[in-house]
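Asks: predicted structure and sequence below. I'll ask about it afterward.
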Number of protein chains: 4
Amino acid sequence: MAKSTFEYVKNFEQDDTLLPNSWIVVRLDGKCFHKFSEDHNFTKPNDARGLKLMNYSAYAVLSEFNDLLMAYGQSDEYSFIFKKNSTLYKRRAAKLLTTINSKFTSSYVFYWNKFFDEEPLKYPPAFDGRIVLYPSEENLIDYMKWRQADVHINNLYNTTFWTLVLQGNLSPAQAEKRLCGTVSADKNEILFKEFNINYNNEPEMFKKGTLLLRKTLSNEALNKSISVIVDVHSDMLKDTFWKEHSNLLTKTKQYLNYEGPVTDILNEQIVSKAKIAQEQIEISV
Amino acid sequence: MAKSTFEYVKNFEQDDTLLPNSWIVVRLDGKCFHKFSEDHNFTKPNDARGLKLMNYSAYAVLSEFNDLLMAYGQSDEYSFIFKKNSTLYKRRAAKLLTTINSKFTSSYVFYWNKFFDEEPLKYPPAFDGRIVLYPSEENLIDYMKWRQADVHINNLYNTTFWTLVLQGNLSPAQAEKRLCGTVSADKNEILFKEFNINYNNEPEMFKKGTLLLRKTLSNEALNKSISVIVDVHSDMLKDTFWKEHSNLLTKTKQYLNYEGPVTDILNEQIVSKAKIAQEQIEISV
Amino acid sequence: MAKSTFEYVKNFEQDDTLLPNSWIVVRLDGKCFHKFSEDHNFTKPNDARGLKLMNYSAYAVLSEFNDLLMAYGQSDEYSFIFKKNSTLYKRRAAKLLTTINSKFTSSYVFYWNKFFDEEPLKYPPAFDGRIVLYPSEENLIDYMKWRQADVHINNLYNTTFWTLVLQGNLSPAQAEKRLCGTVSADKNEILFKEFNINYNNEPEMFKKGTLLLRKTLSNEALNKSISVIVDVHSDMLKDTFWKEHSNLLTKTKQYLNYEGPVTDILNEQIVSKAKIAQEQIEISV
Amino acid sequence: MAKSTFEYVKNFEQDDTLLPNSWIVVRLDGKCFHKFSEDHNFTKPNDARGLKLMNYSAYAVLSEFNDLLMAYGQSDEYSFIFKKNSTLYKRRAAKLLTTINSKFTSSYVFYWNKFFDEEPLKYPPAFDGRIVLYPSEENLIDYMKWRQADVHINNLYNTTFWTLVLQGNLSPAQAEKRLCGTVSADKNEILFKEFNINYNNEPEMFKKGTLLLRKTLSNEALNKSISVIVDVHSDMLKDTFWKEHSNLLTKTKQYLNYEGPVTDILNEQIVSKAKIAQEQIEISV
């Protein structure tokens, strides 16, 4: 039973410490989500319930790991950005990757009913993940732009494709053929001329994906400023965004004021902090 | 919007292909499960519901990945063993690791109610994971023995500790002090003389952990042999086990007959296959 | 001047410890040796002086590192095989790789004049190197066969090519065209019918490359057995070789008797050991 | 003989591509140079011949690889800095590391006689090497400062130690004891008060190490500016150095004018370029 006789096998574990002073990005992707979304009757081309569940799961992750600067999600993927000097788990790649991946996955299952109340989860879904390092701010910004350019391209295509199928009565094959070789302008025109749809009026969450940021909120009810995670759909492809958020990539504690709408995610935090504040008042009385 | 301008960032992803011809082990561990088990009123020192949920989640993983030879679990950890020539996901480490980790995690949440019917899950749990390579059969067997020696040592300690606390009315600190410096024989004696507990009669699942193996089952109802995953509590520290299972580490398709009890996990497979067989009969009629 | 202020940069060095219990192969290749061999008037297609210098440099490396089981060289490349449980330099990849590479390179320059007495070295040559792990004996044997099959294929081609050019008065382009699409039998026939050359009679060092092995030599002059490194041109593609050398891949200390010819490399060791023995006799008298 | 049967072993080579957009540092260290320097009667504590040979070997490396921004050497070590966007050898770590290591080593042996004319090289020396990435300019500058702070600390110690031994007739053990616990000021005082040595007057090469940089030289004889590699002993611990050389870490082609002394290394380049220019004039006439 001598454990020590076998303990040598622990030496086969290899050190996977990540290079210091570089931004760590963890990106998760749904495994076989094409099938999963069909099995669960996701609305085409975008299912707001599914996207909100993704956002809420990412919010659960961000709430737990203070070293995460932000997160960005679209479709069935989510990226999490650690501050460049994070020493969480001594920067061990597998530990960081699996912890984020697991927490996100379990949140997705745990909160399913919050968003899909009449659509029961049929089987456990899975997400795979990867971990990438970016040594410069420019590289990281380009990463964020890359993912957002991706959602733009895909969403315009998907919106047009599914409009052709669902409203235009084309078969998927016909719709695919119709769109073959078209550029963005062509797709905008099809939507507008044939279906009277102005793509610009589509929901921001569909067109831009969702960015989770740490900001400060002046709250009247609480009579003070509180640190919150906000879910926004900003255009990261515009340089103005990066100018306004110049310290986004360096500070986990953000003093940037948030002045946007009170989203569900934000409201939950306000209510929670108000409740805690109230309890403290009661205790102190 | 040119996606291609930013696509260069994809080149920062690093190749993590694992060495060929070596056994790949993925080991998952519950994150902060000490607190998690308290928050969910786990029985001390072992909660059969919790262990069965772990086993069932691992069974869900094994059912999905044919390249997995077996799995072994104890306490809040589970190890999955890929066959040494697996080319699943081109042997990319992060992909293998996160997919197993995510599927296990989501199964744990998804099947929670199956085992904890009166104990609602309060928040999403997380598991971290690591991936290790073993180049020789001897190394891999020693890995399995290492994990099983670990459960033996820990379980005897925990059983004695909690008996002292729950039945002996010692405080945790007193129990810890009492056990300080004791060897296995001492603990067996405390259990037997003071509490009339014969450690040998403790449930095998507690003492040995659970091994998931692929075997063949002769089923009378079906009138044929079927491939199944069985959950057993074999003693891998004995050489006889490895002699009887000589091709366990090389073949994913096992022709070893299973002749043990029909466990819940096994029963589920028999019922499922019987149902499929019945449907096929009905279709062919 | 506080060194400690800057010492943090040491943390950017990454652990490159190699997986235990696997054979470590270091393979070196001459950098731009096509040009180097022309600049130094190497005989075509094989220059015995150049090959002997390669062998001697490899012998210098093998003499210094006891954890090396053997080495195999052909053309401008040399492979060094560490025993699978070597812990030299804690199995750090860069350290092992560069030390072997550097020692080989400096030996090549240092011993140049020993083999090229009338051909001065014009500039410092360079070798690049790589490090590869093989988890099983079969993989390692196949590695050795791969390198030797390579020398066979290349040398038959080169011998025929240069015979066509040097004796057949074809231009290199004409010779290349002539050989395009030919198989081994064709080349053998060209050599035999057109130039009366029996390829089988070509020097073994050209056809088989050189293998450096550790063996035991019964030496009459010394009146005892001595451990030596021998340079042989065995056929590793034949299974008989591996049967006769069954412990070659596991033992650094070889008790296999050597009964081949006394090569220069071997003679040097005999003379050296005889000299040491003589000195010891003189001291003890 | 089918090579393809064995070629699968090539798949065991693992990708070692380095993260893009980061400075690659290759640092070489003499292996057992304590013994090597004794065996070759190096002057203590510094041997100008040995240091010049190191510098000249590094100069040979820098001349060959245009992607190297600079190199810095002291004692028996040398660091080579690649520009951060270098794609040489596709950034493969082992290839970069061994090529630099091998070229440096062979130069060291090849040019030995140029510096040690009356001291024959007794055996081939070896250097080991490592490769490190630095993601930011600050990290890289701190690396350079780290190495230079190291030479300062060591050289002051060694100078005092060897003065005590060679001029003060202390045994090495006595000298070591004498210096135990002393700070810089103490050592300076020992040198000055006891031996009338002003440490500030020691050669710059001993106190500062040698930096190889690419600069532009206005040459009257050639009547034009030429790109040269200069060997200087600048103080990199001073911020003024980095201000004056602000583009040192980003540009391989430097337009900074060099106005220092004509060193041997520099003179060799001027003579060589003058010779080439003269030949071109003769050809064109």
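Replies: Great, that's in hand. None of these values were measured; they are calculated from a predicted model.
Asks: from here on, just use CA atoms for contacts and neighbour counts.
Replies: Will do.
Asks: for the stretch 151-285 of chain A, which residue gets nearest to chain C?
Replies: Of the residues in the stretch 151-285 of chain A, the one nearest chain C is A:Thr250, at a distance of 19.9 Å by C-alpha to the nearest C-alpha.
Asks: please point out which parts of stretch A:16-23 sit buried.
Replies: When neighbours are counted by 16 or more other C-alpha atoms under 10 Å in any protein chain shown, the buried residues of stretch A:16-23 are found to be A:Thr17, A:Leu18, A:Leu19, A:Pro20, A:Asn21, A:Ser22, A:Trp23.
Asks: anything in it near chain B?
Replies: No - counting by C-alpha under 8 Å from any C-alpha of the partner chain, chain B has no neighbours in stretch A:16-23; the shortest distance is 10.1 Å.
Asks: contact partners of that stretch?
Replies: Contacting residues not belonging to stretch A:16-23 are listed as A:81-85, A:90-94, A:133-136, A:140, C:11-12, C:14-15, D:133, D:135-136 [C-alpha atoms under 8 Å, 6 or more residues apart in numbering or on different chains].
Asks: give me that answer again for 7 Å
Replies: A:81-85, A:90-93, A:133-135, C:12, D:135 (C-alpha atoms under 7 Å, 6 or more residues apart in numbering or on different chains).
Asks: ends of that stretch, what's the gap?
Replies: For stretch A:16-23, the separation between the terminal residues is 16 Å (C-alpha to C-alpha, to the nearest Å).
Asks: avg pLDDT for the helix or strand A:Glu189 falls within?
Replies: Using DSSP states H and E, A:Glu189 maps to helix A:184-189. On average, the pLDDT along helix A:184-189 is 94.
Asks: mind checking how far it is from the chain centre?
Replies: In this view, helix A:184-189 has its centroid 27 Å away from the chain centroid, taken as C-alpha atoms, centre = their mean, to the nearest Å.
Asks: surely A:Ser79 is in a strand?
Replies: Yes - using DSSP: H, G, I helix; E, B strand; the rest coil, the secondary structure at A:Ser79 is a strand.
Asks: measure the residue lying closest to it once chain neighbours are set aside to D:Thr17 for me?
Replies: The shortest distance from A:Ser79 to any non-neighbouring residue, by C-alpha to C-alpha, 6 or more residues apart in numbering or on different chains, is to A:Arg27 (4.2 Å). A:Arg27 sits at a distance of 21 Å from D:Thr17 (criterion: C-alpha to C-alpha).
Asks: which parts of the stretch 1-150 of chain A sit against chain D?
Replies: Residues of the stretch 1-150 of chain A that fall close to chain D, judged by C-alpha under 7 Å from any C-alpha of the partner chain: A:Asn21, A:Ser22, A:Pro135.
Asks: what strand or helix carries the residue nearest to A:Ser79?
Replies: Secondary-structure assignment from DSSP H and E places A:Arg27 in strand A:23-30.
Asks: what does the average pLDDT come to for the following helix or strand past that strand?
Replies: Towards the C-terminus, the helix or strand next in line after strand A:23-30, according to DSSP H and E, is helix A:33-39. When pLDDT is averaged over helix A:33-39, the result is 97.
Asks: so does helix A:33-39 get close to chain B?
Replies: No - no part of helix A:33-39 sits close enough to chain B to count as contact by C-alpha under 7 Å from any C-alpha; the gap is at least 13.2 Å.
Asks: list the buried residues of that helix.
Replies: A:Phe33, A:Phe36.
Asks: quick revisit: the residue nearest to A:Ser79 contacts A:Gly129, doesn't it?
Replies: Yes - taking C-alpha atoms under 7 Å as the definition, A:Arg27 is a contact partner of A:Gly129 at 5.5 Å.
Asks: between the two, which is the more surrounded one?
Replies: In terms of neighbours (other C-alpha atoms under 10 Å in any protein chain shown), A:Gly129 is the more surrounded of A:Arg27 and A:Gly129; the figures are 26 against 22.
Asks: surely that one is within a strand?
Replies: Yes - secondary structure of A:Gly129, determined by three-state DSSP: located in a strand.
Asks: ok, back up a step: so what strands line up beside the strand holding A:Arg27?
Replies: Take DSSP bridges as the rule and strand A:23-30 pairs in its sheet with strand A:77-82 (antiparallel), strand A:127-134 (antiparallel).
Asks: those strands into TSV, with extra columns for mean pLDDT?
Replies: Below are those laid out as TSV (pLDDT from 0 to 100):
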stretch	mean pLDDT
strand A:77-82	98
strand A:127-134	98
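Asks: which one of these lies closest to D:Lys145?
Replies: Closest of the strands paired with strand A:23-30 to D:Lys145 is strand A:127-134, at 24.5 Å (criterion: C-alpha to C-alpha).
Asks: so which bits of that closest one are buried?
Replies: By neighbour count, with 16+ other C-alpha under 10 Å as the criterion, the buried positions of strand A:127-134 are A:Phe127, A:Asp128, A:Gly129, A:Arg130, A:Ile131, A:Val132, A:Leu133, A:Tyr134.
Asks: likewise stretch A:252-260?
Replies: Burial within stretch A:252-260, assessed by neighbour count using 16+ other C-alpha under 10 Å, is assigned to A:Thr252, A:Lys253, A:Gln254, A:Tyr255, A:Tyr258.
Asks: contact partners for A:Asn201?
Replies: Counting by C-alpha under 7 Å, 6+ apart, A:Asn201 has no contacts.
Asks: which residue ranges form the helices in chain A?
Replies: With DSSP state H as the criterion, chain A has helices at A:3-6, A:33-39, A:48-64, A:93-110, A:112-115, A:137-166, A:172-179, A:184-189, A:195, A:204-208, A:239-244, A:264-284.
Asks: pick the most deeply packed of those helices.
Replies: Neighbour counts averaged per stretch over the helices of chain A are highest for helix A:93-110, at a mean of 26; criterion: mean count of other C-alpha atoms under 10 Å in any protein chain shown.
Asks: that helix to strand A:77-82, inter-axis angle?
Replies: 130 degrees (axes from the mean of the first three to the mean of the last three C-alpha atoms, to 10 degrees).
Asks: what about whatever residue of chain A ends up closest to chain D, how many residues close to it?
Replies: Of all residues in chain A, the one sitting closest to chain D is A:Pro135 (5.0 Å; C-alpha to the nearest C-alpha). Other residues near A:Pro135 come to 22 when the count uses other C-alpha under 10 Å.
Asks: nearest residue to it other than its sequence neighbours?
Replies: With C-alpha to C-alpha, 6+ apart as the criterion, A:Pro135 has its nearest non-adjacent residue at 4.5 Å, and that residue is A:Ser22.
Asks: ok, so what distance separates that neighbour from A:Tyr59?
Replies: The span separating A:Ser22 from A:Tyr59 equals 23 Å under the rule C-alpha to C-alpha.
Asks: repeat that for A:Leu18.
Replies: Distance of A:Leu18 to A:Tyr59, given as C-alpha to C-alpha: 25 Å.
Asks: got the phi/psi numbers for the residue nearest to A:Pro135?
Replies: For A:Ser22, the backbone dihedrals (degrees, to the nearest 10) come out as phi -140, psi 150.
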